[in-house]
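>>> no sequence on hand, only this structure:
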């Protein structure tokens, strides 16, 4: 069972830096990134036609590696304390987030061979594999801090989202009443006005819809100013969260008496 | 009077979680949200025509529920300490914010039956009912904090709004002088330039109006940079407000006697 | 000389709330605001033609009031400690910021009577009078705090402006090289590219200029991300400034030993 | 060797303000700024033709000054402790950032004389000389603080960039699937969608690409809201960094022994 443990640690690198584990994971991460890049470039007409065979070969190679990786993970996962039971542990792991991502990243390839479906959407799951990049450990401390900040502030962020939703529903209805008559093809119904409200409140402002009536312009000014608040609120909330994190983890000692502050 | 108290607590859920009160309020909140969604979807041509009868039935049902709810609230509100007096208490409640919102959310339906007016605008009041969603209690602590922060900082926020208004009036006049000759149809008068100033200062930038003269472009750069300040100022003010809130609830020690403050 | 002192205090309200001083200043502020509104509405073709005589009468009335106010200020200013000397004090006051604003807000009216010049630009000075609104005292504490924050952070803000200018010059040159060939009419020279860089960095994004070459798009992404930093930097600087202000002015006392913290 | 030391201090001004050193450096900075302005104005057709000879003379003069400056720097740099060794010290300095910038700012002029290449891109290096402006010492304290904040927070900023990249890759793929059919000429491939994602996430929103399908609009709303987070995250990180800097320099007292920390 030594090889099983060896493979397990290869796939799930421990906190301690072991060179060959690190190297293998860098290879996996590089393969994932190259897959994402290939996926992106394949949509460019010119590139796809020119390098067609290369893309096919690379896809087969990648799917082969990822399939072997997936099977090995299922096999060796019992080394993990959480999934230690041979059968129920593996079932539990099978339905874990990362295992499902891994499965869906290879599934479309096999499905496409046997089924006549258009699996374009399923292929998206391969892109989610890029999450694994963040598991590289080195940046996990920062990521964990981000996670803690968002978790601590999730109620505040959710309430500010509710406030925004309320503003959007209200402003969309008002702009619909104000602009619909002047631009019935653009502000044609409230769902379209909701789209416009969001694009204005977030200060994106594509310019595909804009008010032309004086009342509509006046009202747009009000929304744009409220939009500044929409930027200010989450920024303030997250700032406060970061400051809290900072204060918590900064243990200090008095240089005179040596006690913790 | 036991049933009166029962209904009162059903409509105005107390802090303590009582399952049937909670359930009933979730039903009311769900009905309000569904009403808002119906209101929104009704403006979409295709959906309105296809589900016309459904919308009519749903509206009659909702108005019936909201009317009964309104009457019951007026009846049972005397259980509230603030509105305890049978007559003056009820009059006082009648003119309270939420009672007026409730009234205006059912009024358009009845008015439209008897009056030939176009009550499109009045129907907006039904959307305001969505505020009730925020009364669900669970998120009220966050909302109250937001309220405190805005209240503490309202003078700062008002002054920054004054500063912005001053900048807008000035920049609108300058851009009017600079761009009016080159684009008389777009920068046709100062009110239009005020609209443009706001859209630029808030960094929305639709692109329906933009400078074409060198001087106008130079001046737009100045406004765009000031616009960054317009984002920075409220964000900084609100951030400071949140930090103040945070500091209030934090333990501190006196450097002289060492005791907790 | 009692009337002189009375008029002085009428024009320069003291910190203490005296009802008639307050009322008179509210009248002046209202007149200034109405003047600004008139100035704005006069540029709207329809309104100007319809209310032509009203605008003329209102202008004559306003200039009369502002002229009398100006003369009285020059007369009574010797009551101010800083300008107490009858001659040199008045000369000093004459060249003070607010006195010049007052002068320039009435000057265009008289100049236009005697001179054939187009004084459109000079009339702008009348708009600057709106600054006086901020002297109302009530909001001066907030304004002074803003002033202190900006003063304390002026070096940081200036350096971040320098950083921005450097980024703009560099990015404008790069986009000129990259996009000029593909869009010679839009990215025609570096000054135009500087305008585009600012509009992109400040995230305004009108859409009058946008890249069409792959390299130009890639580079625009880089600029847009740097633009987020441009929003983050001043916000962070001003936030820190507000927090400093807060910490400074929050004197605290220990509830146990009563000493200041 | 007195003159060598004199020239060294002229070129590398010490912390202490020496009038003639300061003056000479202001001259160099002014020349650099004028060079940058000339470089910018040269791209404007009209100006270039009208002042052609002036530009040529100014370029020859500038290159002459910068060449002499460069040679003198190489000669006198041994006065610097870090580069004190006559040969290896000079080699080390030759490959330092500022020395390379200086070299590349004069090189294009000489290369263009002897080589038939188009050196437009190389000329950009001359613009980088503007960095020297920041060496003026007066603002270096602020700049150093910025540097420290960015250095302290570089991991957080890098991780938030990773998060953004992940969001962009995912959102680009989704919008490609959603909008490609409706607008095959605009959302033609994922790289184009990546460009659109960045322009939307950073809230620039040119308006050259925008969704027209209901699903695309819905998804754009999600991206625009995430974009607010993209503004909030770096702002919060940098704010926290500035506050940390501030706290470091603030006096504190130990709650146990009462002494200053």
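Cool, got the structure. What you see is a predicted model, and the numbers here were worked out from it, not measured in a lab.

>>> so residue A:43 makes contact with residue D:176?
Yes - between residue A:43 and residue D:176 there is a contact under Cβ atoms under 8 Å: 6.3 Å. Just so you know, the C-beta spots here come from the backbone N, C-alpha and C atoms, and that holds for glycine as well.

>>> now do the shared contacts for the two.
Contact criterion Cβ atoms under 8 Å, 6 or more residues apart in numbering or on different chains; residues shared by residue A:43 and residue D:176: D:189-190.

>>> neighbouring contacts of stretch A:73-93?
A:4-5, A:7-9, A:11-12, A:94, A:99, A:102.

>>> repeat that with 6 Å
Residues from elsewhere that reach stretch A:73-93 (Cβ atoms under 6 Å, 6 or more residues apart in numbering or on different chains): A:4-5, A:7-8, A:11, A:99.

>>> so among the residues you listed, where is pLDDT lowest?
Sorting the contacts of stretch A:73-93 by pLDDT puts residue A:11 at the bottom of the list (78).

>>> measure that one to residue A:80 for me?
10 Å (Cβ to Cβ, to the nearest Å).

>>> just residue A:193 next, same as before
From residue A:193 over to residue A:80 (counting by Cβ to Cβ), the distance is 51 Å.

>>> more neighbours: those two, which one.
residue A:193 (27 against 13; other Cβ atoms under 10 Å in any protein chain shown).

>>> what's the neighbour count on the closest residue to the more buried one other than its chain neighbours?
Spatial nearest neighbour of residue A:193, excluding adjacent residues (Cβ to Cβ, 6 or more residues apart in numbering or on different chains): residue A:172 at 3.9 Å. By other Cβ under 10 Å, the residues close to residue A:172 number 25.

>>> surely residue A:172 and residue A:198 touch.
No - using Cβ atoms under 6 Å, residue A:172 makes no contact with residue A:198, being 8.9 Å away.

>>> tell me the pLDDT at the residue nearest to residue A:45 when sequence neighbours are not counted?
Leaving aside its sequence neighbours, residue A:45 sits nearest to residue D:189 (Cβ to Cβ, 6+ apart; 7.0 Å). On the pLDDT scale, residue D:189 is placed at 89.

>>> which one is residue A:199 nearest to, not counting chain neighbours?
residue A:206 (5.9 Å).

>>> residue D:205 is in contact with the one you found, correct?
Yes - counting by Cβ under 6 Å, residue A:206 touches residue D:205, with 4.9 Å between them.

>>> neighbour count: these two, which is higher?
Remark: of residue A:206 and residue D:205, residue D:205 carries more neighbours, 34 against 28, as counted by other Cβ under 10 Å.

>>> so that one, which state does it fall into?
coil (DSSP: H, G, I helix; E, B strand; the rest coil).

>>> give me the helices and strands touching whatever helix or strand residue A:148 lives in, please.
Residue A:148 belongs to helix A:140-152 when elements are defined using DSSP states H and E. Contact partners of helix A:140-152 among helices and strands, from 3 or more Cβ pairs under 6 Å, 6 or more residues apart in numbering or on different chains; DSSP states H and E: helix A:214-249, helix D:154-179.

>>> now the shortest one: buried residues?
This means helix D:154-179. D:155-157, D:159-160, D:162-164, D:166-179 (16 or more other Cβ atoms under 10 Å in any protein chain shown).

>>> quick revisit: what's the overlap in contacts for residue A:206 and residue D:205?
With Cβ under 6 Å, 6+ apart, residue A:206 and residue D:205 have no common neighbours.

>>> okay, the angle between the helix holding residue A:148 and helix D:214-248?
For helix A:140-152 against helix D:214-248, the angle by axes from the mean of the first three to the mean of the last three Cα atoms, to 10 degrees is 110 degrees.

>>> for the residue of the stretch 1-150 of chain A found nearest chain B, what are its contacts?
Residue nearest to chain B within the stretch 1-150 of chain A: residue A:149 (12.9 Å; Cβ to the nearest Cβ). Counting by Cβ under 6 Å, 6+ apart, residue A:149 touches A:241-242, A:245.

>>> cool, residue A:230 as well?
Residue A:230 sits in contact with A:164, A:201, where contact means Cβ under 6 Å, 6+ apart.

>>> now do 7 Å
Going by Cβ atoms under 7 Å, 6 or more residues apart in numbering or on different chains, residue A:230 touches A:164, A:201-202, D:228.

>>> any chance of those residues in JSON lines with pLDDT as columns?
What follows is the contacts of residue A:230, written out as JSON lines (pLDDT from 0 to 100):
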{"residue": "A:164", "pLDDT": "87"}
{"residue": "A:201", "pLDDT": "91"}
{"residue": "A:202", "pLDDT": "90"}
{"residue": "D:228", "pLDDT": "82"}
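
>>> tell me the one among those residues nearest to residue B:142.
Proximity of those to residue B:142 (Cβ to Cβ) peaks at residue A:164, which lies at 13.6 Å.

>>> chain C contacts on the stretch 101-250 of chain A?
Proximity of the stretch 101-250 of chain A to chain C (Cβ under 7 Å from any Cβ of the partner chain) is limited to residues A:203, A:207, A:235, A:239.
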